[in-house]
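Novice: fold the following, please.
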Amino acid sequence: SLYDLFIPVHDRTPEDCVKLICENAANDAVQSTPEALERCQDFVIEAKAERLLKEDGHDVDVRCERGHVVLTMKKFVFWVSHYKGALMGLMTQIPDIKGDVEVLEGADFYADGRYSPGAFELPLKVLLVDDEREFVEALSRRLEARKLEPAHAYDGMEALAKLREEEQDVILLDLRMPGIDGMEVLRRIKKDHPDTEVIILTGHGSEKDEALARELGAFAYFQKPVDFDALARTMKEAQRKVRESREARATESRERTDTDRSSKG
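Specialist: This next block holds a predicted model:
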């Protein structure tokens, strides 16, 4: 064991104190070994990785051993491959990492398959709007597993055209797309289809973007990678609002018709 070095100075000169310190510092017990230096470097990598992940909003366990980094996911994310890619991408910002980076599923992580098709009631009609085809296809498969066949659009103009062809309940909309961007698409949707609810799903948004989207009428705003549990709850809430709005409009229309008939009679 190592202990602090106590030096009585009342009977020693400064030179004697320095000599005693140097002699103890040269002791084999306090010398650095290759193993100790390697473990110290692992600690540095762990600290840098944890800080980087926390700053980016990720709750992930980090372990580094001999330069090999293991990240352990602790919660559910609906698109696992995308989330793993995002985590590994962050690790490339740490030049100290010389070994491999591995992403594992922790004890609290659970797979998408644990949701039953009836776990929540989804909107009858959903339109996915995103220029990342892989993302659209991945999310579509998860919705199809819940007995829903979403429509797809890969840019803003295509989305508006599909909406003119068929009314939608909920639209999942990206912001950064070729042609007209998501903000302009959102503006036009809420102007021409006020009862349709729009949920923003973006990987490149900012607080300013979120504020503007909500001002334009977005029902909710999510940053990718999104927690599917939260998205599911939000879609259910959006569906409820859509149905309430349409029922209110239908009731108002019937009352207006009845009033017109009464006045004519």
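Novice: quick one: low-confidence parts of the stretch 1-150 of the chain?
Specialist: Under the criterion pLDDT under 70, the flagged ranges of the stretch 1-150 of the chain are 1-5, 28-30, 75-82, 107-123, 146-147.
Novice: quick one, phi psi at the closest residue to Thr202 other than its chain neighbours?
Specialist: Excluding its sequence neighbours, the residue lying closest to Thr202 (Cβ to Cβ, 6 or more residues apart in numbering) is Leu175, at 4.3 Å. Any C-beta I mention is one placed from the backbone N, CA and C, and that applies to glycine too. Main-chain dihedrals, Leu175, degrees, to the nearest 10: phi -90, psi -40.
Novice: same thing with Ser253?
Specialist: phi -70, psi -40.
Novice: what does Pro95 give?
Specialist: phi -70, psi -20.
Novice: how many neighbours does it have?
Specialist: 7 (other Cβ atoms under 10 Å).
Novice: that one and Arg51, how far apart?
Specialist: Separation of Pro95 from Arg51 (Cβ to Cβ, to the nearest Å): 15 Å.
Novice: mind listing the strands for the stretch 101-250 of the chain?
Specialist: For the stretch 101-250 of the chain, the strands defined by DSSP state E, counting those that start in this stretch occupy 101-105, 126-129, 151-153, 170-173, 197-202, 220-223.
Novice: to Gly85, which of these lies closest?
Specialist: Closest approach to Gly85 among the strands of the stretch 101-250 of the chain (Cβ to Cβ): strand 101-105, 8.9 Å.
Novice: other SSEs contacting that closest one?
Specialist: Secondary-structure packing of strand 101-105 (3 or more Cβ pairs under 8 Å, 6 or more residues apart in numbering; DSSP states H and E): strand 68-73, helix 80-91.
Novice: if we use 10 Å, what do you get?
Specialist: strand 60-65, strand 68-73, helix 80-91 (3 or more Cβ pairs under 10 Å, 6 or more residues apart in numbering; DSSP states H and E).
Novice: Lys84 is nearest to which of the strands of the stretch 101-250 of the chain?
Specialist: From those, taking Cβ to Cβ, the stretch that ends up closest is strand 101-105, at 4.4 Å.
Novice: name every strand pairing with that closest one and say which way it goes.
Specialist: Each strand that pairs with strand 101-105, with its direction, by DSSP bridges: strand 68-73 (parallel).
Novice: for Phe135, see how far away the residue positioned nearest the centre of the chain is.
Specialist: Among the residues of the chain, the one closest to the centroid is Pro225, at 3.1 Å (Cα atoms, centre = their mean). In this view, Pro225 and Phe135 are 10 Å apart by Cβ to Cβ.
Novice: contact partners for the nearest residue to Leu143 once chain neighbours are set aside?
Specialist: Distances taken as Cβ to Cβ, 6+ apart place Pro150 nearest to Leu143, at 5.1 Å, with adjacent residues excluded. For Pro150, the contacting residues are 122-123, 125-128, 136, 139-140, 142-144, 168, 170-172, by Cβ atoms under 10 Å, 6 or more residues apart in numbering.
Novice: make a PyMOL selection of the buried ones in these.
Specialist: In PyMOL, this line selects whichever of the contacts of Pro150 come out buried by 16 or more other Cβ atoms under 10 Å:
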select buried, resi 122+123+125+126+127+128+136+139+140+142+143+168+170+171+172
